[in-house]
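A.B. asks: next one to model:
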Amino acid sequence: VQLQASGGGLVQPGGSLRLSCAPSGRTFRTYLMGWFRQAPGKEREFVAAIGWSGVVTSYADSVKGRFTISRDNAKNTVSLQMNSLKPEDTAVYYCAADGNGLGSLRESPDYWGQGTQVTVSS
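C.D. replies: Numbering: from 1, shown residues only. Here you go, the predicted structure:
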């Protein structure tokens, strides 16, 4: 599975951005998908994940109520809608995929995509 993330950019505090991830491969719908981020000088951290059917989701406490992860298996895309952005959301965001379970995804995903920069600043 190859992952291509896009949609990052510069946004003012309180603004919104939508990230997209386009996995390749015929088995996309069997993978859990997730987003991680890494801010300068910090370790990479889990942001959100979504199950195979798109019904089950999981979020880091820091983004609950502001970020929404979704997937469209027919279009082979996973999205992260980010609202009410804060300066502390500034980071490189990575898409990830795992064929096992949420715990496996959060600990060590099978696949990583390249990152996309999100900068929240006035």
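A.B. asks: which strands and helices sit next to the lowest-mean-pLDDT helix or strand in the chain?
C.D. replies: Least confident helix or strand of the chain, by mean pLDDT, DSSP states H and E, is helix 102-107 with a mean of 89. In terms of contacts (3 or more Cβ pairs under 8 Å, 6 or more residues apart in numbering; DSSP states H and E), helix 102-107 is packed against strand 32-38, strand 45-50, strand 91-98. C-beta coordinates here come from the backbone N, C-alpha and C atoms, glycine included.
A.B. asks: let's go with 10 Å and repeat that
C.D. replies: Counting contacts by 3 or more Cβ pairs under 10 Å, 6 or more residues apart in numbering; DSSP states H and E, helix 102-107 packs against strand 32-38, strand 45-50, strand 57-59, strand 91-98.
A.B. asks: please identify which of the ones you listed is closest to residue 17.
C.D. replies: strand 91-98 (9.3 Å; Cβ to Cβ).
A.B. asks: that closest one to strand 45-50, inter-axis angle?
C.D. replies: For strand 91-98 against strand 45-50, the angle by axes from the mean of the first three to the mean of the last three Cα atoms, to 10 degrees is 50 degrees.
A.B. asks: list the contacts for the residue lying closest to residue 84 once chain neighbours are set aside?
C.D. replies: Once flanking residues are discounted, residue 84 sits nearest to residue 66: 4.7 Å by Cβ to Cβ, 6 or more residues apart in numbering. Contacts for residue 66 (Cβ atoms under 10 Å, 6 or more residues apart in numbering) come out as 16, 59, 81-86, 89.
A.B. asks: separation between residue 66 and residue 24?
C.D. replies: Counting by Cβ to Cβ, to the nearest Å, the separation of residue 66 from residue 24 is 29 Å.
A.B. asks: same question, residue 94
C.D. replies: The value you get for residue 94 to residue 24, if Cβ to Cβ is used, is 16 Å.
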